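Q: Structure of the sequence below:
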Amino acid sequence: MFLSMRDKLRGAFQRAGSYLKSRWQKLRDQPDLSVPAVDTAIKVDTLELKPPRKFDAQLREVAALEHSAEPLSGQTHSRSCLPMIGSWFSRRRDYLVYTPADYVEGEPLPVVVVLHGCRQTDDDIRAISGFDAIAERERFIVVYPFVTCYLSLRNKNCWAWWMKQHIQAGSGEVEDIGRIIKQVQEEFSVDPKRIHITGLSSGAGMTVAALVAHGSLFASGASVAGVAYDETARAVKTVSFLSVHYRSLGLILKRMGDQITLNGHGRLAPLLVIQSEADETVPLQTGLNLRDSWLAFKEINPAEVTMLADKTRGINWQYQHYGQFGTDKSVDFLTVDQLSHGWIGGLPGSYSDSRGPNISEVIWLYFDK
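A: Numbers count the residues shown, from 1 in each chain. Below you'll find the model as predicted:
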């Protein structure tokens, strides 16, 4: 009996999935920093399976959209969240809220929280992402927290995604983000089942931390050039003479599990990981590790993947979907080539490149599915 190439590929992926699952189970109980990260990247370039046809068409359509140049008539609200009493690491956090022009008190709307990266402000990420225009068209609220102030040594305006005191519920920056969302819920009409979060670079790292620390709060999240939960600061390349270093997958899974069990009510929201293969600050392997931590925690077989690929504004991109489409047990992974560290398909501004798919539109499509 002769097997087709597709059947051979399917069998190979199934065997790879079984092997990786057994490896993940063994690694869960090995919290050893000296253990190198397991490269669970799976090559799917030749896989012929496709995502659901409707999503396939929508994804291609929104990826090619240009940012709207129409003047916006919604309202911008400047707010602050005061430090939490009794917490040494909590600080005052300023934030912006954008409500669409037809916002009506009493009608609950979705919320998208957008976190800036290092050397950026809330105004910067707002300018390059173009989420206000999408919110105006699709009718949702956008919240832009600003790290505002901090005591520890770090690059300017970085969220402290590598510091334990800032990524655990009840403490520091991740708790302040949760409190900002609570304030927004108290002042505006918010659908509690449709709160989403995304961010760039250090904002993506803090997005991941928020999804883990406040598991039941978010419907879904998206990371743009982000890192796995509780990853070492060496997972990104900030200086040329230091090599990149990762924690073991087993340790990451253990710490995710500890935090989610304590504070996340056992839930981990679906995640879209967006990564450039040419990013020299946050290497491709860093994004792969984040993807694989979500796959392992949700016990999704990496062989259960569908894929589509395209080229937009001169940039090749590939979209991979793992698990059960449209459910909590899923992980999505978008990669692009050529582009350096920053917001992909964005508007002019710091850490933004207009080339490639419009990831702001892709992120909203993912959130709204």
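Q: same for the longest strand seen in the chain, what does it pack against?
A: Ranked by residue count, the top strand of the chain under DSSP state E comes out as strand 190-200. Judged by 3 or more CB pairs under 8 Å, 6 or more residues apart in numbering; DSSP states H and E, the packing partners of strand 190-200 are strand 109-115, helix 172-187, helix 202-213, strand 220-224, helix 359-367. The C-beta positions use only the backbone N, C-alpha and C, and glycine is treated the same way.
Q: can you redo the ones you listed as a markdown table with distance to Ser87 and mean pLDDT?
A: Output for the helices and strands packed on strand 190-200, formatted as a markdown table (distance: least, CB to CB, whole Å; pLDDT from 0 to 100):
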| stretch | distance to Ser87 | mean pLDDT |
| --- | --- | --- |
| strand 109-115 | 20 | 98 |
| helix 172-187 | 7 | 97 |
| helix 202-213 | 14 | 97 |
| strand 220-224 | 24 | 98 |
| helix 359-367 | 30 | 98 |
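Q: Let me have these in CSV, extended by mean neighbour count.
A: Formatted as CSV, the helices and strands packed on strand 190-200 follow (neighbours: other CB atoms under 10 Å):
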stretch, mean neighbour count
strand 109-115, 25
helix 172-187, 20
helix 202-213, 29
strand 220-224, 28
helix 359-367, 24
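Q: can you pull the buried residues of stretch 261-280?
A: For stretch 261-280, burial by neighbour count (16 or more other CB atoms under 10 Å) applies to 263-264, 268-276, 279.
Q: Span of that stretch from start to end?
A: Separation of the first and last residues of stretch 261-280 by CA to CA, to the nearest Å is 34 Å.
Q: And for stretch 189-207?
A: Stretch 189-207: ends 23 Å apart by CA to CA.
Q: Show me what Val114 is bridged to.
A: Beta bridges link Val114 to Thr198 when assigned by DSSP bridges.
Q: these two touch, right, it and Thr198?
A: Yes: applying CB atoms under 8 Å, one finds Val114 in contact with Thr198, separated by 5.7 Å.
Q: out of the helices and strands packed on strand 190-200, which comes closest to Ser243?
A: Closest approach to Ser243 among the helices and strands packed on strand 190-200 (CB to CB): helix 202-213, 19.3 Å.
Q: can you give me the angle the closest one makes with strand 220-224?
A: 150 degrees (axes from the mean of the first three to the mean of the last three CA atoms, to 10 degrees).
Q: And helix 202-213, how far out from the chain middle?
A: Centroid displacement of helix 202-213 relative to its chain, using CA atoms, centre = their mean, to the nearest Å, is 7 Å.
Q: got the angle for that helix vs strand 109-115?
A: On the basis of the same axes, to 10 degrees, helix 202-213 is oriented at 130 degrees to strand 109-115.
Q: Could you list every helix and strand in contact with helix 202-213?
A: With 3+ CB pairs under 8 Å, 6+ apart as the test, helix 202-213 has strand 109-115, helix 164-167, helix 172-187, strand 190-200, strand 220-224, helix 249-263 packed against it.
Q: closest to Trp343 out of these?
A: Of those, nearest to Trp343 by CB to CB is strand 190-200, at 5.6 Å.
Q: CA atoms of that closest one as CSV?
A: What follows is strand 190-200, C-alpha atoms only, in CSV (Å, rounded to 0.1, in the frame of the first residue of the first chain):
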residue,chain,number,x,y,z
VAL,A,190,-18.1,47.4,29.2
ASP,A,191,-19.1,43.9,28.2
PRO,A,192,-17.1,41.8,30.8
LYS,A,193,-17.0,38.8,28.4
ARG,A,194,-15.3,40.8,25.7
ILE,A,195,-12.2,42.3,27.3
HIS,A,196,-9.0,41.7,25.2
ILE,A,197,-5.4,42.8,25.6
THR,A,198,-2.4,43.3,23.2
GLY,A,199,0.9,45.0,23.3
LEU,A,200,4.3,45.5,21.6
